[in-house]
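Chemist: Attaching a predicted model along with its sequence, questions to come.
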Amino acid sequence: MEHYDAQSADIVIIGSGMGGATSAWALAPTDARIVILEKGFQLPEQPENRDPKAIFQRGFFRPHELWYDEKGRGFNPGNYYYHGGNTKLYGCVLARYRAEDFDGLAHYDGDTPAWPFRYDEIAPWYDAAEQLYQVRGALGEDPTEPPHGTSYPHPAIPDEPPIGDVRARLAGAGLHPFSLPLGLDLEQWLKKAPTPWDTFPDARTGKMDAENCALLPALKYPNVSIRSGAEVVRLIVAPDGRKIAAVEYMQDGHTHRINAGTVILAAGAVRSASILLRSDTDGLANRSDTVGRHFMNHNLTALIGVSPRYRNDSVYQKSFGLNDFYLSDGYEGRPLGSIQLFGRVSGPILKANVPSVPEFILDFISRHSIDFFAMSEDLPNPNSRVRLDGSKIVLDWRRSNMTAHNLLVRRFKRVLKDIGFPFVFSRLLDRRLPSHQCGTIRIGDNPSKAPLDPYGRAFDHPNLFVADASTLVTSAAVNPSLTVAALALRTASEIKKSVLGIQDDVRNS
Ligand SMILES: Cc1cc2nc3c(=O)[nH]c(=O)nc-3n(C[C@H](O)[C@H](O)[C@H](O)COP(=O)(O)OP(=O)(O)OC[C@H]3O[C@@H](n4cnc5c(N)ncnc54)[C@H](O)[C@@H]3O)c2cc1C
């Protein structure tokens with residue numbers, strides 16, 4: 001039995017993750033009545049939050065859902081539904097794309113397109129996003145770092161001694177390890193429990209994530225509210241075919257509708273595209289036939305360097321990265337990608353990947369190893385896409401640029417061997433981890449090639465904006481969240497100006 005509520009809001013935001021919560025934060029000080037529709041609930045404080053067996057072996061936090069690959073095989077995706085979205089489990093790396101990423105780059109397996117604007121346009125929004133997410137970092141260590149208008153709000157998170165030892169060995173080999181820009185209050189995090197933070201969910205104990213930094217402050221305003229357990233199904237278009245009149249969602253087993261003056265879609269790259277595809281036979285906002293296409297997700301390989309002579313008693317490990325192969329392979333060849341430390345990989349975490357090996361052996365290996373991941377750009381390809389099969393989400397991901405990724409992994413294995421880790425194990429991460437999903441509703445200058453204008457507004461529907469990782473034109477070889485936040489701030493500023501009639505500028509965002 002369907003049940004329609006007569007509800008309305010000036011702005012409806014779909015999703016409270018990095019894009020949605022950042023938008024809510026930026027728009028909260030206006031008088032606009034803002035309703036956030038969020039599929040998930042607030043993550044409760046519970047022992048499993050810091051239990052590696054629960055997280056990695058039992059999949060305690062994984063959603064009870066299946067997506068399907070191009071052959072129709074179901075898989076359980078590592079896509080998380082909470083207040084704060086995927087940032088509740090994120091590794092807190094809040095890095096900028098390199099300036100060169102916005103101009104398009106020639107890669108071994110193809111070229112990336114230029115963005116509709118250059119780095120200078122987004123730089124002030126990166127400054128603002130770093131302040132909002134309280135990023136800890138150090139300028140001047142990474143030769144590829146683009147110019148900043150402001151310095152990081154806090155000093156970098158320190159290396160633990162065994163990690164500092166490896167940083168020194170890498171520097172001694174002529175490389176340029178740099179402190180990772182991280183959104184984390186280390187003292188608060190460790191006070192709760194001495195664990196790493198990468199993939200450990202945070203019930204408000206120190207992560208600078210979308211819930212803690214943006215959603216909770218936004219909800220303090222009387223004009224902002226959130227409806228939890230509200231899963232948006234589709235958008236409904238007015239008879240003029242242009243205005244989005246309402247948003248339809250399921251909550252408590254009922255179908256509801258909320259009328260919206262402006263809609264900001266921010267359900268994540270896979271889910272946002274699914275909502276638009278479900279909203280019209282040919283997909284809403286889809287004159288360009290690109291909604292759901294250009295799905296990208298990074299090529300990620302975990303690398304574990306092992307040496308019986310090295311002892312790693314670190315707790316969190318994740319403090320530095322390397323961009324020495326980012327723009328070139330080091331021999332004036334093409335870009336390979338970035339390297340960064342993983343959160344500390346303990347025996348129970350290894351056990352989730354190699355269940356046949358006894359945990360005491362894995363504990364021993366873990367005590368004598370250091371864990372990195374190599375990340376290479378996934379190039380936008382129209383045939384790499386999200387589509388629907390009835391009510392099923394199909395993720396037909398066509399990995400790309402593996403020539404560069406394989407070279408990066410080979411180069412870094414050699415480096416690890418040269419600095420004293422004779423055994424290096426590696427594993428390519430698969431599609432069940434769509435953690436860096438992006439690109440499915442991209443921005444662009446040309447309505448025949450992109451659904452959104454450079455501010456994230458749908459060319460076909462002037463009151464529809466998209467403000468999540470869907471909008472990214474390229475994936476770069478950089479963790480996506482800070483770029484999502486910077487773009488969301490820029491989009492919110494445009495909404496203030498062109499929809500709410502409020503003069504706005506990045507300096508008061
Ligand atoms: C384990 C892990 C580690 C990561 N580490 C990093 C890192 O260190 N640095 C980094 O930059 N990035 C990291 N990421 C990626 C980062 O979390 C995402 O890039 C970022 O959250 C994307 O923001 P978003 O707004 O696009 O989506 P999300 O933050 O995922 O937000 C989407 C929101 O929409 C909600 N939603 C979905 N469908 C619906 C619906 N139908 N109706 C209503 N609500 C809906 C979801 O519940 C969620 O709250 C990591 C991700 C994972 C999973």
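Modeler: Noted; the coordinates are in hand. On a predicted model such as this, the values are computed, not experimentally measured, just so you know.

Chemist: separation between the closest residue to residue 473 other than its chain neighbours and the ligand?
Modeler: Leaving aside its chain neighbours, residue 473 sits nearest to residue 115 (4.8 Å; criterion: Cβ to Cβ, 6 or more residues apart in numbering). The way it works is simple: take the backbone N, C-alpha and C, and place the C-beta from them, glycine included. Residue 115 is 17 Å from the ligand, where distance means Cβ to the nearest ligand atom, to the nearest Å.

Chemist: hang on, residue 115 is in a helix, isn't it?
Modeler: No. Assigned with DSSP: H, G, I helix; E, B strand; the rest coil, residue 115 falls outside any helix and is coil.

Chemist: what residues are up against the residue in the chain that the ligand sits nearest to?
Modeler: Nearest residue of the chain to the ligand, counting by Cβ to the nearest ligand atom: residue 17, 1.8 Å away. Neighbour list for residue 17: 84, 85, 86, 87, 210, 266, 267, 268, 468 [criterion: Cβ atoms under 8 Å, 6 or more residues apart in numbering].

Chemist: and the last one, how many neighbours?
Modeler: One way to gauge burial is a neighbour count; for residue 468, by other Cβ atoms under 10 Å, it gives 32.

Chemist: Tell me the backbone dihedrals of it, please.
Modeler: phi -130, psi -160 (degrees, to the nearest 10).

Chemist: so it sits right up against residue 14, yeah?
Modeler: No. Residue 468 lies out of contact with residue 14 (Cβ atoms under 8 Å); the separation is 9.0 Å.

Chemist: Name the residues contacting each of those two.
Modeler: 20, 265, 266, 267, 272.

Chemist: all helices of the chain, in order?
Modeler: Along the chain, counting by DSSP state H, helices occupy 18-27, 52, 119-132, 161-172, 186-192, 210, 216-219, 269-278, 347-353, 359-367, 402-418, 481-498.

Chemist: is it possible to export these to TSV including mean neighbour count?
Modeler: Formatted as TSV, the helices of the chain follow (neighbours: other Cβ atoms under 10 Å):
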stretch	mean neighbour count
helix 18-27	31
helix 52	22
helix 119-132	21
helix 161-172	16
helix 186-192	15
helix 210	34
helix 216-219	19
helix 269-278	26
helix 347-353	19
helix 359-367	16
helix 402-418	19
helix 481-498	25
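
Chemist: Among the ones you listed, which comes closest to residue 332?
Modeler: For residue 332, the closest of the helices of the chain is helix 402-418, at 13.6 Å, according to Cβ to Cβ.

Chemist: Name the surrounding residues that touch that closest one.
Modeler: 107-109, 170, 173, 175, 299, 301, 303, 305, 325, 329-330, 334-337, 339, 372, 374, 376-377, 424, 426.

Chemist: Taking those residues, please make a PyMOL selection of just the buried ones.
Modeler: Buried residues among the contacts of helix 402-418 (16 or more other Cβ atoms under 10 Å), as a PyMOL selection:
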select buried, resi 107+108+170+175+299+301+303+305+325+329+334+335+336+337+339+372+374+376+377+424+426
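
Chemist: check the contacts of helix 402-418 against the ligand, which are close?
Modeler: With Cβ under 6 Å from any ligand atom as the criterion, the contacts of helix 402-418 include none near the ligand.

Chemist: Could you list which of the contacts of helix 402-418 belong to strands?
Modeler: Within the contacts of helix 402-418, residues falling in strands by DSSP state E are 107, 299, 301, 303, 305, 339, 372, 374, 376, 424, 426.

Chemist: What residues does the second one make contact with?
Modeler: Residue 299 is in contact with 337, 375, 376, 377, 378, 399, 401, 402, 405, 428, counting by Cβ under 8 Å, 6+ apart.

Chemist: circling back to that earlier point, want to throw the helices of the chain into a markdown table with mean pLDDT and distance to residue 506?
Modeler: Compiled in a markdown table, those are given as follows (pLDDT from 0 to 100; distance: least, Cβ to Cβ, whole Å):
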| stretch | mean pLDDT | distance to residue 506 |
| --- | --- | --- |
| helix 18-27 | 98 | 10 |
| helix 52 | 96 | 40 |
| helix 119-132 | 98 | 4 |
| helix 161-172 | 98 | 34 |
| helix 186-192 | 98 | 29 |
| helix 210 | 98 | 20 |
| helix 216-219 | 98 | 18 |
| helix 269-278 | 98 | 25 |
| helix 347-353 | 91 | 40 |
| helix 359-367 | 93 | 44 |
| helix 402-418 | 97 | 34 |
| helix 481-498 | 98 | 7 |
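
Chemist: Now render those as a markdown table, adding distance to residue 386.
Modeler: A markdown table is the format used below for these (distance: least, Cβ to Cβ, whole Å):
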| stretch | distance to residue 386 |
| --- | --- |
| helix 18-27 | 17 |
| helix 52 | 31 |
| helix 119-132 | 25 |
| helix 161-172 | 38 |
| helix 186-192 | 34 |
| helix 210 | 22 |
| helix 216-219 | 28 |
| helix 269-278 | 5 |
| helix 347-353 | 27 |
| helix 359-367 | 36 |
| helix 402-418 | 21 |
| helix 481-498 | 17 |
